[in-house]
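**Student:** Kindly return the folded structure for what I paste below:
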Amino acid sequence: MIKAFLFDMDGVLAESEELSVSIGVSYFRSIGMDADSSIFSDYLGGGERIFFDGPAKELGLTGSPYDYHEASAFFRKEYEKRASGLDISLPGAKEIVRSARAEGIMTAVASSAPGWKVLMNIKGIGLSPDDFDFIASGEDIKRNKPFPDIYALCLIRLGLDGSEAIVFEDSVMGIKSAKSAGCHAIGTGSTYPVTDLYAAGADAAVSDLSAFPSALDAVSAIEDREGKKKRVPITEYLVKHALRLARNARINAYAPYSGFKVGAAVVTSSGKIYTGCNVENSSYGATICAERNAVTTAIAAEGRTRIEMVAVFTDSNPPSPPCAVCLQVLAEFAYPDTLVVLSSGTEEVRMKFSELLPKPFTLNTI
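**Tutor:** Take a look at the predicted model:
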């Protein structure tokens, strides 16, 4: 029985990862190093020390002008200045915490960040320390994530076994920490692709916490023992994330004959996102469209699955829909109400799959 929700903070409850990275970039530039945001990607979720020491090592800094304590002081001053007064709550954050408490489920924060930042973020998402039964920060443990210590500490303080707690995490290190502590883990895709979170051991993954209208929906995602897959809620964040991935996939399109590049992304019933681009061939008939590329990648990864959403990115206005062949392939795995989003970057069209192909041929094998 689930008795507690344990929340990571940055990227789960608070939209603060981008702000933190921008301050990290500012610090390294202040000491004359031309760092960019990508250098921090492998060091998110493990605490402030690794957040700075990791990039410093990649930049070849083993000493002066880099000093961790100076970096920490710089970060605190800038964060307090930039985040003060901002609403940094992620979708569904306040609602799931309050819903959990209303249902008698204990709540705790388990953040790798320093204590001052955790308390500031709690205020920034519109909650109070009183909304949590326990708050743990990176200062309360010797070994930070991906070690299990911070979640083990929460379990001890709440008097629970790991099987009685659900951890909500956005980072690979955080998921590994939760699973090592014996907890259930639900990943949120605000920082890492959900495919990476599943690979780290997540039991379920969603785009953000608004996927759970109530705390009991999150419990059901873990405690459902019938093996029946539930529909994935399509949130605005998920639509934007899928379009962003489709746009990125389009960059790699191979279209020397038509010059018409397409990127696509499909969201499956597992909550994972798969992308594809069109790959043309001189034998024309062997060309594969972006939509089919994404679908076949999804099937290769998951086997039988269903498509909850299709995002297609082109540079045409109005945005181009999938071709007839792709629609027929998609019909094998899509629901009639599967959302199809077409975008050119300047124009966006949304419709149900049944509006594009109202009477597909199918043997209904899924």
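**Student:** what's the domain layout of this structure?
**Tutor:** Domains of the chain are assigned by automatic domain parsing as 4-14+88-223, 17-83, 236-356.
**Student:** Those domains: lowest mean pLDDT?
**Tutor:** With a mean of 85, domain 17-83 has the lowest mean pLDDT of these.
**Student:** Skipping adjacent residues, who's closest to the spatially most central residue of the chain in space?
**Tutor:** Nearest to the mean C-alpha position of the chain, counting by Cα atoms, centre = their mean, stands residue 189 at 0.8 Å. Nearest non-adjacent residue to residue 189, counting by Cβ to Cβ, 6 or more residues apart in numbering: residue 207, 5.1 Å away. Where you see a C-beta, it was placed from the backbone N, CA and C, and this is true even at glycine.
**Student:** does that neighbour really touch residue 240, like I thought?
**Tutor:** No. Applying Cβ atoms under 8 Å, one finds residue 207 not in contact with residue 240, separated by 9.2 Å.
**Student:** got the buried residues for the helix or strand where residue 292 lies?
**Tutor:** Using DSSP states H and E, the element containing residue 292 is helix 290-302. For helix 290-302, burial by neighbour count (16 or more other Cβ atoms under 10 Å) applies to 290, 291, 292, 293, 294, 295, 298, 299.
**Student:** Show the contacting residues for the residue nearest to residue 189.
**Tutor:** For residue 207, the contact set (Cβ atoms under 8 Å, 6 or more residues apart in numbering) comprises 188, 189, 190, 194, 235, 237, 238, 241, 271.
**Student:** now swap in residue 80 and tell me
**Tutor:** Residue 80 sits next to residue 120 when contact means Cβ under 8 Å, 6+ apart.
**Student:** Relative to residue 32, how far out is it?
**Tutor:** Using Cβ to Cβ, to the nearest Å, residue 80 is found at 24 Å from residue 32.
**Student:** Show me what the longest strand along the chain is in contact with.
**Tutor:** Taking DSSP state E as the criterion, the chain has its longest strand at strand 334-343. With contacts defined as Cβ under 8 Å, 6+ apart, strand 334-343 is touched by 234, 239, 242-243, 246-247, 306-314, 318-322, 330, 348-356.
**Student:** And the strands in the chain, which stretches?
**Tutor:** Under DSSP E, the chain gives strands at 4-7, 106-110, 134-136, 165-169, 184-188, 204-206, 263-268, 273-277, 307-313, 334-343, 348-352.
**Student:** and of the buried residues of helix 290-302, the nearest to residue 7?
**Tutor:** residue 298 (29.7 Å; Cβ to Cβ).
**Student:** coming back round to it: most neighbours among the contacts of residue 207, which one?
**Tutor:** Among these, residue 188 has the most neighbours (other Cβ atoms under 10 Å), with 31 neighbours.
**Student:** wait, what's in contact with residue 144?
**Tutor:** Counting by Cβ under 8 Å, 6+ apart, residue 144 makes contact with 46, 47, 49, 50, 112, 138, 150.
**Student:** er, residue 152 actually
**Tutor:** residue 181.
**Student:** Same question for residue 218.
**Tutor:** Contacts here follow Cβ under 8 Å, 6+ apart; on that basis residue 218 touches 5, 96, 166, 168, 186, 212.
**Student:** ditto for residue 168
**Tutor:** Contacts of residue 168 (Cβ under 8 Å, 6+ apart): 5, 6, 7, 8, 12, 185, 186, 188, 209, 218.
**Student:** And the helices in this protein, which stretches?
**Tutor:** 17-30, 48-58, 68-83, 93-102, 115-124, 149-158, 172-180, 194-200, 215-223, 236-250, 290-302, 324-331, 353-356 (DSSP state H).
**Student:** So for residue 42, which of these sits nearest?
**Tutor:** Here helix 48-58 is closest among the helices of the chain (Cβ to Cβ), at 6.5 Å.
**Student:** what angle separates the closest one from helix 172-180?
**Tutor:** 130 degrees (axes from the mean of the first three to the mean of the last three Cα atoms, to 10 degrees).
**Student:** can you list contacts of helix 48-58?
**Tutor:** Contacts for helix 48-58 (Cβ under 8 Å, 6+ apart): 20, 24, 27-28, 35, 39-40, 42-44, 62, 66, 68, 71-72, 75, 112-114, 138, 144.
**Student:** again, 7 Å this time
**Tutor:** 24, 28, 35, 39-40, 42-43, 66, 68, 71-72, 75, 113-114, 138 (Cβ atoms under 7 Å, 6 or more residues apart in numbering).
**Student:** Over to stretch 271-289?
**Tutor:** With Cβ under 7 Å, 6+ apart, stretch 271-289 has contacts from 193-195, 198, 204-206, 232, 242, 245-246, 249-250, 252-258, 261-267, 290-291, 293-294, 297-298, 301, 322-323, 326.
**Student:** Return the members of those classed as buried.
**Tutor:** The buried subset of the contacts of stretch 271-289 - by 16+ other Cβ under 10 Å - is 193-195, 198, 204-206, 232, 242, 245-246, 249-250, 253, 255, 261-267, 290-291, 293-294, 298, 322, 326.
**Student:** Residue 258 versus the residue of the chain positioned farthest from its centre, what's the distance?
**Tutor:** Taking Cα atoms, centre = their mean, the residue of the chain most remote from its mean C-alpha position is residue 283, at 39.0 Å. Distance, residue 283 to residue 258, by Cβ to Cβ: 14 Å.
**Student:** Also residue 57?
**Tutor:** 46 Å.
**Student:** Same question for residue 154.
**Tutor:** Distance from residue 154 to residue 258, by Cβ to Cβ: 55 Å.
**Student:** same question, residue 190
**Tutor:** Noted for residue 190: a distance of 36 Å to residue 258, by Cβ to Cβ.
**Student:** Equivalent analysis for residue 175, please.
**Tutor:** In terms of Cβ to Cβ, residue 175 sits 41 Å off from residue 258.
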